[in-house]
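**Q** A structural model of the following input is requested.
(one chain, ligands or ions: 1)
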Amino acid sequence: MQLRTPGPTPCPPQALQAMGKQMINHRGKEFGEILNSVTTKLKQVFQTTGDVFLLTSSGTGGLEAAIVNILSPGDRVLAISCGAFGDRFGDIAEQYGAKVKRLNFEWGKPVDPEAVSRVLRANDDIKAVLVTHNETSTGITNDLSKISSVVKEFDKLLLVDAISSLGCIDLPTDNWHCDIVVTGSQKGWMVPPGLAMVSLSEKAWQAHNQARMPRYYWDFTKARDYLQKGQTPWTPAISICYALSSTLDLMLSEGLTNIFARHSRIAQMTRNGIRSLGLSLFSEDSYASNTVTAVSAVGRKGGKNDSTDYPAAEPQIDVAKLAQVLRDEHDVVIATGQGRLAGKIFRIGHLGLVKESDIRTVLEALAKALPKARS
Ligand SMILES: *Cc1c(COP(=O)(O)O)cnc(C)c1O
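**A** Coordinates of the predicted model:
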């Protein structure tokens, strides 16, 4: 089967085998060694010398942990969003009592750092900025380096949802002054869902010491104290830790630069293949994501996508039907549109365990399935 959703992603045999190992005492020496080695390897991929914690949850748990550990009720927060996941990060902060100012961009377009700058200049009391590095719902990657420069010019905390980018797209946590970076195991890490990974800067720790949002399971003070003993505060997803240890070895032996180049090459191949099928991409190549490609199911009349590259009289695609034909007749699983993009786009995940031949298979299946899904 070609599982081409932007998470969960396929796991290599090493990870599947590792998960078959017997349970061990999570308060024992053997688990301590695994946890320490996984944490050390994670820091290399995060490109940080700061702290990195493993949390047993999906990625959203990591986002919630970031909020409750850094903020207090009533704190003013700028939530930047250009899609469903950006909205979610802001929702979590709001739910815990932060005063959230929203800065929303059109879905399919990236965040404009200039606009962020204007809002920060006009709102001195904002404490932290929430941003999504790679917006999985629309298939775009934000210019985090530029956004970070702006946020740091105003000396605000920067909390980053990098759930679908870290380990696939370059994100030098320390060089870009990210105070918190969150990711999730089932995306670029090639292991099943079950772990969130979160990094903290020195500045994040200072904010943590003042932060008064309610927290128990997510408390980073507990995470730090237990990690010093080679443990996690609560029983961790031990099997996923085994798997992650094996895929981190794969990742570090491939090398970060090679991983980023592979994702870039495969994303470009996906976009070219989509265009040669006569379809339109949902976003422009200059900010299209290297981990997930969003394809328009409807013509974008008058939009920037209506260049000569695209057939003028573009038929509409029934996305649900397309996904069904791909799955039933070709063993290819794609993702459909989320929220307001339901029925308007479909998405192809190409992160983690992915090579050129996987995309060729998907494109060949699409060529055969599309005539059955024209509406
Ligand atoms: C997948 C994803 C999430 C949500 O992660 P879960 O593991 O489903 O909780 C959040 N943000 C982004 C950018 C994602 O890609």
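**Q** residues of this protein that sit close to the ligand?
**A** The chain comes close to the ligand at residues 6-7, 58-60, 85, 132, 134, 136, 161, 163-164, 184, 193, as judged by C-beta under 6 Å from any ligand atom. To be clear about C-beta, it is placed using only N, CA and C from the backbone, and glycine gets the same treatment.
**Q** take those residues and keep only those in helices.
**A** Among the residues of the chain next to the ligand, the members falling in helices (DSSP state H) are 59, 60, 85.
**Q** next one: the second one from residue 89, what distance?
**A** Taking C-beta to C-beta, to the nearest Å as the measure, residue 60 falls 9 Å from residue 89.
**Q** more neighbours, the two?
**A** Relative neighbour count places residue 89 above the other of residue 60 and residue 89, with 27 against 17, counting by other C-beta atoms under 10 Å.
**Q** chain neighbours aside, what residue packs nearest to that one?
**A** Excluding the flanking residues, the one nearest residue 89 by C-beta to C-beta, 6 or more residues apart in numbering is residue 130, at 4.6 Å.
**Q** that neighbour - that's part of a strand, no?
**A** Yes. Counting by DSSP: H, G, I helix; E, B strand; the rest coil, residue 130 is located in a strand.
**Q** that older thread, which pair in the residues of the chain next to the ligand spans the largest distance?
**A** 132 and 193 (18.7 Å; C-beta to C-beta).
**Q** more neighbours, those two?
**A** A count of neighbours by other C-beta under 10 Å puts residue 132 above the other of residue 132 and residue 193, at 32 against 17.
**Q** name the residues linked to that one by a beta bridge.
**A** Taking DSSP bridges as the rule, residue 132 bridges to residue 161.
**Q** now do the contacts for it.
**A** 80, 81, 82, 83, 85, 86, 89, 142, 160, 161 (C-beta atoms under 8 Å, 6 or more residues apart in numbering).
**Q** please redo it, this time with the cut-off set to 6 Å
**A** Shown in contact with residue 132 (C-beta atoms under 6 Å, 6 or more residues apart in numbering): 85, 86, 161.
**Q** over to the residue nearest the centre of the chain: give its phi and psi.
**A** Compute the mean C-alpha point of the chain, and by C-alpha atoms, centre = their mean the closest residue is residue 164, 1.9 Å away. Residue 164 has phi and psi values of phi -110, psi 20 when expressed as degrees, to the nearest 10.
**Q** now do it, the pLDDT please.
**A** Residue 164 carries a pLDDT value of 98.
**Q** likewise for residue 298?
**A** pLDDT, read off for residue 298, is 88.
**Q** quick thing: my sequence starts at 34, can you match it?
**A** That works, and once the first residue is 34, the last one we named lands at residue 331.
**Q** contact partners for it?
**A** By C-beta under 6 Å, 6+ apart, the residues touching residue 331 are 349, 377.
**Q** in a strand, it, correct?
**A** No. Residue 331: not assigned to a strand; according to three-state DSSP it is coil.
**Q** what about the strands in the stretch 84-233 of the chain?
**A** For the stretch 84-233 of the chain, applying DSSP state E, counting those that start in this stretch gives strands covering 84-89, 109-114, 132-137, 159-165, 167-168, 173-174, 190-194, 213-217, 228-233.
**Q** possible to save these as a markdown table with mean pLDDT and distance to residue 65?
**A** Formatted as a markdown table, the strands of the stretch 84-233 of the chain follow (pLDDT from 0 to 100; distance: least, C-beta to C-beta, whole Å):
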| stretch | mean pLDDT | distance to residue 65 |
| --- | --- | --- |
| strand 84-89 | 98 | 13 |
| strand 109-114 | 98 | 36 |
| strand 132-137 | 98 | 39 |
| strand 159-165 | 98 | 33 |
| strand 167-168 | 98 | 33 |
| strand 173-174 | 98 | 36 |
| strand 190-194 | 99 | 29 |
| strand 213-217 | 98 | 23 |
| strand 228-233 | 98 | 17 |
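**Q** now tabulate those in CSV and tack on distance to residue 148.
**A** Output for the strands of the stretch 84-233 of the chain, formatted as CSV (distance: least, C-beta to C-beta, whole Å):
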stretch, distance to residue 148
strand 84-89, 31
strand 109-114, 9
strand 132-137, 6
strand 159-165, 12
strand 167-168, 16
strand 173-174, 15
strand 190-194, 16
strand 213-217, 22
strand 228-233, 26
